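Novice: how would this look folded up:
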Amino acid sequence: MCHGEGGFVPLAAPALAALPGRPGISLHDRAHPRRFRATIRGLTMSLLRPAEAELDTPADLAPVEAYMRLALQAAEQAGRSGEVPVGAVVVVRGQVVAVAHNQRECLSDPTAHAEIIALRAAAATLGSWRLVDADLYVTMEPCPMCAGALVNARIRRLFYGCDDPKAGAARTLYRLLDDARLNHQVEVVRGVLATESAALLKSFFLRLRRPEAELTDR
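Specialist: Numbers count the residues shown, from 1 in each chain. Predicted structure coming up:
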């Protein structure tokens, strides 16, 4: 059975957070407009450029792993449907607003990756394409298409499971989510339940490679 999932959770309108104060702008800079603009530009880019986050404490890891396990459940559902087992979850301020998995085979749609379907469901639920307060959890590193969609959706933070050595666009082959030339950057947390995510993929592809006779014996 091929289907994505999403849920409606009423949310308050997001508040605009004030930027923290930054030292380093002198009166001398203000007296030279070109230098002042360059200083402001540099400080702005330093605010926008995310570092790779690290989660060290059990308090940090508990909710993150819970959401990733939900993504893993969606990935398992994809595998049962004959899809590559990748699942994704969108969370806004502690509320799950979308759960999805790969549906390329079921929909005959080359863009129907778990991340794309989850973003569409979240945008429909929230009534806006700007998912500025949203975090996305996905079991495998996004490809270039999905990484671009995360930037376009203004996703706040990406958590992913295993690396994708053939198409990874967050850390492995490309770092699209860090690219300061783009108009938005996404904070990245890699390796959440990476072993479980990789094992699910490995098991799926091993089953595909087994002789047909061996499969029918089970």
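
Novice: what's the nearest residue to Val186 if we skip its chain neighbours?
Specialist: Leu177 (4.1 Å; CB to CB, 6 or more residues apart in numbering). To be clear about C-beta, it is placed using only N, CA and C from the backbone, and glycine gets the same treatment.

Novice: neighbours around the one you found, how many?
Specialist: Leu177 sits with 24 neighbouring residues when counted by other CB atoms under 10 Å.

Novice: OK, contacts around it?
Specialist: Contact analysis of Leu177 by CB atoms under 8 Å, 6 or more residues apart in numbering lists 50, 147, 150-151, 158, 169-170, 185-186, 188.

Novice: now the nearest residue to Arg130 once chain neighbours are set aside: how far from Leu136?
Specialist: Nearest residue to Arg130, sequence neighbours excluded (CB to CB, 6+ apart): Arg154, at 5.1 Å. Plainly put, Arg154 is 11 Å away from Leu136 if you go by CB to CB, to the nearest Å.

Novice: the more surrounded of these two?
Specialist: Neighbour count, other CB under 10 Å: between Arg154 and Leu136, Leu136 has more, with 29 against 16.

Novice: partner residues bridging that one?
Specialist: Per DSSP bridges, residues listed as beta-bridge partners of Leu136: Val90, Leu158.

Novice: quick one: it from Ser203, how far?
Specialist: 24 Å.

Novice: cool, Val86 as well?
Specialist: 13 Å.

Novice: ok, the two, which is more surrounded?
Specialist: The residue with more neighbours, out of Val86 and Ser203, is Val86; 32 against 13, by other CB under 10 Å.

Novice: and that one, backbone torsions?
Specialist: Main-chain torsions, Val86, degrees, to the nearest 10: phi -130, psi 130.

Novice: pretty sure it sits against Ala75.
Specialist: Yes. The criterion here is CB atoms under 8 Å, and Val86 meets it with Ala75 at 5.4 Å.

Novice: overlap in contacts, these two.
Specialist: Common contacts of Val86 and Ala75, defined by CB under 8 Å, 6+ apart, comprise 101-102, 114, 139.

Novice: out of those, what pair is the most spread apart?
Specialist: Asn102 and Thr139 (9.9 Å; CB to CB).

Novice: ok, the two, which is more surrounded?
Specialist: Neighbours per residue (other CB under 10 Å) separate Asn102 from Thr139, with Thr139 holding more: 33 against 30.
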